[in-house]
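# Below are the sequence and a predicted model; questions follow.
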Amino acid sequence: MTRAVCPGSFDPVTLGHLDIVTRAARLFDEVVVAIGTNASKRRLFTPEERIDMLVEATAHLPGVRVEGFTGLLTDFCAEQGAEALVKGLRGSTDYEYELPMARMNDHLSGVETVFVAARPQFTHVSSSLVKEVASLGGDVSAFLTPAVHERLLARLAQR
């Protein structure tokens, strides 16, 4: 059985994230969506809320499960028995950012990083941009599941 980890902060999970997870699920027997829970970083949603959103958004995908983690991603991969990390790339900037991490992860644990190119309709989508546009009243519904969109609007209304 091949197992991969698809890590991220997913604050919130976008359709671009879900596309990468869906495609990873076709490549590996099992995909663990790993939500980083770094307490020092300020997020819009709590780790538990992000896990809930991802569990709901990936419920239809066989072989996909969602876990939170703290600490080194390579330690989490070892605990999970994962042979690979799956990372989505929207463009050259993502590649420049991800390549050194892939090399460090390989150095630390030998885990392979598999890069999956984002589909064209998602190359401009990021959680940060979605939050910014939504906070200014823009329509980001095309980039989120209806449930995530609803939660995002509700959270922004609380601020």
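Arrived safely, thanks for sending. Numbers count the residues shown, from 1 in each chain.
# top helix in this protein by residue count?
Secondary structure of the chain per DSSP state H: the longest helix is helix 92-109.
# just checking, what packs against that helix?
The contact analysis (3 or more C-beta pairs under 8 Å, 6 or more residues apart in numbering; DSSP states H and E) places helix 92-109 against helix 73-80, strand 84-89, strand 112-117. (Each C-beta comes from the backbone N, C-alpha and C, glycine too.)
# Send me the first one as PDB with only the CA atoms.
Taking only C-alpha atoms (Å, rounded to 0.1, in the frame of the first residue of the first chain), the coordinates of helix 73-80 have been written out as PDB:
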ATOM      1  CA  LEU A  73       6.400  17.300   8.800                       C
ATOM      2  CA  THR A  74       9.000  14.600   8.200                       C
ATOM      3  CA  ASP A  75       8.300  13.200  11.700                       C
ATOM      4  CA  PHE A  76       4.600  13.100  10.900                       C
ATOM      5  CA  CYS A  77       5.300  11.300   7.600                       C
ATOM      6  CA  ALA A  78       7.300   8.700   9.500                       C
ATOM      7  CA  GLU A  79       4.500   8.200  12.100                       C
ATOM      8  CA  GLN A  80       2.100   7.700   9.200                       C
END
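# where along the protein do the helices fall?
Using DSSP H, helices in the chain cover 15-27, 47-58, 73-80, 92-109, 127-135, 146-158.
# tell me the most buried of the helices and strands packed on helix 92-109?
Most buried of the helices and strands packed on helix 92-109, by mean neighbour count (mean count of other C-beta atoms under 10 Å): strand 84-89, with a mean of 22.
# And the helices and strands packed on helix 92-109: which comes nearest Pro47?
Nearest of the helices and strands packed on helix 92-109 to Pro47, taken as C-beta to C-beta: helix 73-80 at 13.7 Å.
# now the helices and strands packed on helix 92-109 in CSV, with distance to Thr2 and mean pLDDT?
CSV is the format used below for the helices and strands packed on helix 92-109 (distance: least, C-beta to C-beta, whole Å; pLDDT from 0 to 100):
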stretch, distance to Thr2, mean pLDDT
helix 73-80, 12, 97
strand 84-89, 8, 98
strand 112-117, 11, 98
